[in-house]
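Student: What would the 3D arrangement of this be:
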Amino acid sequence: MAMIELKNLTKTYPEQQRPAVFNVNLAVEEKAIITLLGPSGCGKTTLLRLIAGFERPDSGEVVLNGHTVAGKGIWLPPEKRGLGMVFQDYALFPHLSVEKNIGFGYRGKDKKEQIRSMLERVDLAGYEKRQPYELSGGQQQRVALARALIRNPVVVLFDEPFSSLDAKMREQMRGDLKRILKTAQTTAIFVSHDQKDALAISDEIVVIRQGVIQQQGSPVEIYRYPENRFVATFVGRSNLLQGTVAESGQAVDTAIGTIPCHHIHHHLPGDNVFLSVRPDGLRLAPEGSLIGQIQDLTYSGERYQAVVRIQTTDGQSVDLISHIHARHGVCLGNQIRFEVLPEFTAVIQDDGDGHPAG
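Tutor: All right, here's what the predicted structure looks like:
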C-alpha cells in the first residue's frame, strides 16, 4: 500500500490565471525517499503544502496511510496528519538547547529516552546542552530532523533543506540525511530545484513543470531516459537531435549519422522524432563512427566538459557536449573519434505543460 496518494489534485490561487497544481496523481511507497524537482514557481512547494495541510485543494484527494485527509467534504488539519516537517531555515527555537528543541511538544513519558535516542541517531550525542547558534548549518539541520522524527511521523516533509549550506556541507548532508532516513525506515518527501540534490538522495524523482508532473522515475531513469525536452534540459545537460527511427527500430537516423537507441517508446521505423543524447553517452573510441573537433573545454578536476563540432551529412555542422575523463588529456582544437552509448540516449517528446487550453 502507498504511504501517500495524491488523486487528481488541483489548486489555483486567486491571483493566478492557471492552476499552481493541476490534476496531479502521485503514489509514494512506504520507506521511499522522493524528491519533487522543478524550477521556482513550478508548483512543488504547493504540492508539499497540500500534503502537509497548509493548503486546501480545489479538487482531488490527499490520502495518508490509507486514510483520506483532504477531499470532498473531508479535511484534517496539519497537526492531526501525523507528519514531520523540516523547514528551509530549520525553524529552531533560538532560546532553547538542542535537547529542548528536539523534545519540544513531545508528551510521552519516555521523553528523555527518546531525546537520547534521537541524538545518537543524528550523530549529535554530547551536543544536548548546546544552543542553536553554537551549531553549524548541518548540525542545525540534524536537530530539526531529530525533532521531526521523535514523534514517529507517517512521513517527513523537507522544504529545500540544503539551500543554505555551502557546497562541501551540502554534499555531506545529502549522505547524512539519506543514511538517517534509511536507518529510521522513514518515508520522506523533499522539495528541491537542484538536480544534484535530487539525483544524490532520492529513490524516485518527480519532475514538475507549471504544476504538472512531467516524469516520475528513479534517478537513473530520469537522467538516462528523459521523456520530454524539458526533463532532458532541466535535469542535467543533453544534446537534442532531430531524426527518424531507423528500420531496425533500435536506432535513429540523424544528420550526423545513425545513433543507437534502445529507448524509443512506441515509435515505428520512419517516424520523425527528437533524440536526447546525454554528454556521458559520448565516449572516446579510436574506431568510433563520429569524428569531431574540440571547440571548447571546461576542466572540473575529474573530467572535461567539451564542446565538439561535428560535420553533418549536408555540409553543415552541429556542436555536441561531451564529458571526457581528465586522464585522456585532450586539448582545444584536437580532432577526436567517439561512439554513442545507447544507454544514455532516448527518444523524447516535445514539451507540453498539460494544462487545459484557455
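
Student: Please, which helix or strand holds the residue lying closest to Glu128 once chain neighbours are set aside?
Tutor: Counting by Cβ to Cβ, 6 or more residues apart in numbering, Glu99 is the residue found nearest to Glu128 once chain neighbours are left out, at 3.9 Å. C-beta coordinates here come from the backbone N, C-alpha and C atoms, glycine included. Secondary structure assignment for Glu99, by DSSP states H and E: helix 98-103.

Student: Quick check: pLDDT value at the residue nearest to Glu128.
Tutor: For Glu99, the pLDDT comes out at 93.

Student: ok, back up a step: would you indicate which residues of the helix holding Glu99 are buried?
Tutor: 98-99, 101-103 (16 or more other Cβ atoms under 10 Å).

Student: and what of stretch 174-187?
Tutor: Neighbour counts using 16+ other Cβ under 10 Å place 174, 176-178, 180-181, 184, 186-187 of stretch 174-187 among the buried residues.

Student: do the same with stretch 132-145
Tutor: By neighbour count on 16+ other Cβ under 10 Å, the buried set for stretch 132-145 is 132, 135, 138-145.

Student: closest to Ser40 among those?
Tutor: Gln141 (21.3 Å; Cβ to Cβ).

Student: rewinding a little: ok, residues contacting the helix holding Glu99?
Tutor: For helix 98-103, contacts defined as Cβ atoms under 8 Å, 6 or more residues apart in numbering pick out 92-93, 111, 114-115, 118-119, 124, 127-132, 135, 143, 146-147, 150.

Student: just the buried members of the residues you listed?
Tutor: Among the contacts of helix 98-103, the ones that count as buried by 16+ other Cβ under 10 Å are 92, 114-115, 118-119, 124, 127-128, 130, 132, 135, 143, 146-147, 150.

Student: among these, which are in helices?
Tutor: 114-115, 118-119, 143, 146-147 (DSSP state H).

Student: What would the host helix or strand of Arg174 look like as CSV? C-alpha coordinates only.
Tutor: If you go by DSSP H and E, Arg174 is part of helix 167-184. Extracted C-alpha coordinates of helix 167-184, given in CSV (Å, rounded to 0.1, in the frame of the first residue of the first chain):
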residue,chain,number,x,y,z
ALA,A,167,28.9,23.1,-1.4
LYS,A,168,31.0,20.9,0.9
MET,A,169,28.5,20.8,3.7
ARG,A,170,25.7,20.2,1.2
GLU,A,171,27.4,17.1,-0.2
GLN,A,172,28.0,15.7,3.3
MET,A,173,24.4,16.4,4.4
ARG,A,174,23.0,14.6,1.4
GLY,A,175,24.7,11.5,2.5
ASP,A,176,23.9,12.0,6.2
LEU,A,177,20.2,12.6,5.7
LYS,A,178,19.8,9.7,3.4
ARG,A,179,21.6,7.4,5.9
ILE,A,180,19.5,8.6,8.8
LEU,A,181,16.2,8.3,6.9
LYS,A,182,17.0,4.8,5.7
THR,A,183,18.1,3.7,9.2
ALA,A,184,14.9,5.1,10.6
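
Student: which helices and strands does that helix pack with?
Tutor: Counting contacts by 3 or more Cβ pairs under 8 Å, 6 or more residues apart in numbering; DSSP states H and E, helix 167-184 is packed against strand 33-37, helix 111-121, helix 137-149, helix 195-201.

Student: Just put these in CSV and tack on mean pLDDT and distance to Gly236.
Tutor: As requested, those are exported to CSV (pLDDT from 0 to 100; distance: least, Cβ to Cβ, whole Å):
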stretch, mean pLDDT, distance to Gly236
strand 33-37, 97, 11
helix 111-121, 91, 33
helix 137-149, 90, 26
helix 195-201, 93, 6
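
Student: can you list those in JSON lines and add distance to Gln305?
Tutor: Formatted as JSON lines, those follow (distance: least, Cβ to Cβ, whole Å):
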{"stretch": "strand 33-37", "distance to Gln305": "22"}
{"stretch": "helix 111-121", "distance to Gln305": "39"}
{"stretch": "helix 137-149", "distance to Gln305": "29"}
{"stretch": "helix 195-201", "distance to Gln305": "15"}
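
Student: Show me what counts as buried in stretch 45-55.
Tutor: Buried-residue list, stretch 45-55, by 16+ other Cβ under 10 Å: 45-53, 55.

Student: Return the two entries of the residues you listed that lie farthest from one another.
Tutor: Spatial extent of the buried residues of stretch 45-55 (Cβ to Cβ) is set by the pair Thr45 and Gly53 at 14.0 Å.

Student: tell me which element Phe158 is part of?
Tutor: Going by DSSP H and E, Phe158 is in strand 155-159.

Student: Between strand 33-37 and that strand, find me the angle.
Tutor: 30 degrees (axes from the mean of the first three to the mean of the last three Cα atoms, to 10 degrees).

Student: just checking, what packs against strand 155-159?
Tutor: helix 44-52, strand 83-86, helix 137-149, strand 187-192.

Student: what do you get if the cut-off is 7 Å, keeping everything else the same?
Tutor: When contacts are defined as 3 or more Cβ pairs under 7 Å, 6 or more residues apart in numbering; DSSP states H and E, strand 155-159 packs onto helix 44-52, strand 83-86, strand 187-192.
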